[in-house]
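[1] need coordinates for the below:
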Amino acid sequence: MAVSSALTVLYLLVVLALTECSKSSGDVRCKCICPPYRNLTGHIYNKNISQKDCNCLHVVEPMPVPGRDVEAYCLLCECKYEERSTTTIKVTIIIYLTVVGALLVYMAFLMIVDPLIRKPDSYIQPLHNEEDTEDTRPFTPSHGQARANTVLERVEGAQQRWKRQVQEQRKTVFDRHKMLS
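    Numbering: from 1, shown residues only. Coordinates of the predicted model:
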């Protein structure tokens, strides 16, 4: 139910973003990068103009050099016409935030539900100290049958095997000071 409502909201946001057909003022620009010239420092000029007017004479305002040096200054400047799709950027951000939000909701759901469905462990293996014996008790389920017919039971079984391996590695590395092969 929550997934379908999230997908509906995502769909509506995408449709609203795509219906914005006219480009905003930030979608196109002419960018001129002018290097240092004589006693002037380098500067970047941006202006929202058409592609045919994308040159130093139309973009660089106010002109930092006097009239006789304008041509030399403009020859040093590199002007590029840039066009971007803010609609695509908006849709990408909306999708990204929706996925992150769904993952956060799922994580919260698991944090709430996991303690409710998890059975208390009847077998908790203590950390091995130097005075502990060499043998370890194998894990046997409390109901006497070693069947793993649900996903949760299989995951719990794998978790118990992993815990036993970690305990054995701790015992071997910290107590005996040697690495497992």
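[2] what mean pLDDT does whichever helix in the chain runs longest have?
    Longest helix in the chain, counting residues (DSSP state H): helix 86-117. Averaging pLDDT along helix 86-117 yields 91.
[3] again with stretch 32-45
    93.
[4] show me what that stretch is in contact with.
    Residues from elsewhere that reach stretch 32-45, judged by Cβ atoms under 8 Å, 6 or more residues apart in numbering: 31, 46, 55-56, 59-61, 64-65, 69, 72-73, 76-80. From N, CA and C alone the C-beta is placed, and that goes for glycine too.
[5] put the alpha carbons of that stretch into PDB.
    Taking Å, rounded to 0.1, in the frame of the first residue of the first chain, the C-alpha atoms of stretch 32-45 are listed here in PDB:
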ATOM      1  CA  CYS A  32      32.900  33.700 -21.500                       C
ATOM      2  CA  ILE A  33      36.100  33.000 -19.700                       C
ATOM      3  CA  CYS A  34      38.500  35.900 -20.000                       C
ATOM      4  CA  PRO A  35      42.100  35.400 -18.900                       C
ATOM      5  CA  PRO A  36      44.200  38.200 -17.200                       C
ATOM      6  CA  TYR A  37      45.000  41.000 -19.600                       C
ATOM      7  CA  ARG A  38      47.600  43.600 -18.800                       C
ATOM      8  CA  ASN A  39      46.700  44.900 -15.300                       C
ATOM      9  CA  LEU A  40      43.300  43.200 -15.200                       C
ATOM     10  CA  THR A  41      42.600  39.900 -13.400                       C
ATOM     11  CA  GLY A  42      40.900  37.100 -15.200                       C
ATOM     12  CA  HIS A  43      37.100  37.000 -15.000                       C
ATOM     13  CA  ILE A  44      34.100  34.700 -16.000                       C
ATOM     14  CA  TYR A  45      31.100  36.300 -17.500                       C
END
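[6] give me the buried positions along it.
    Neighbour-count burial for stretch 32-45 flags 32, 34, 37, 45 (criterion: 16 or more other Cβ atoms under 10 Å).
[7] now swap in stretch 49-69 and tell me
    Those would be 54, 56, 58-60, 64-65, for stretch 49-69 by 16+ other Cβ under 10 Å.
[8] most widely separated two among these?
    Cys54 and Val65 (19.8 Å; Cβ to Cβ).
[9] just the helices in the chain please.
    Using DSSP H, helices in the chain cover 2-18, 56-59, 70-76, 86-117, 151-170.
[10] any idea which of those gets closest to Asp27?
    Of those, nearest to Asp27 by Cβ to Cβ is helix 86-117, at 5.5 Å.
[11] report the buried residues of that closest one.
    Those would be 87, 90-91, 94, 98, for helix 86-117 by 16+ other Cβ under 10 Å.
[12] helices or strands next to it in the packing?
    Counting contacts by 3 or more Cβ pairs under 8 Å, 6 or more residues apart in numbering; DSSP states H and E, helix 86-117 packs against helix 2-18.
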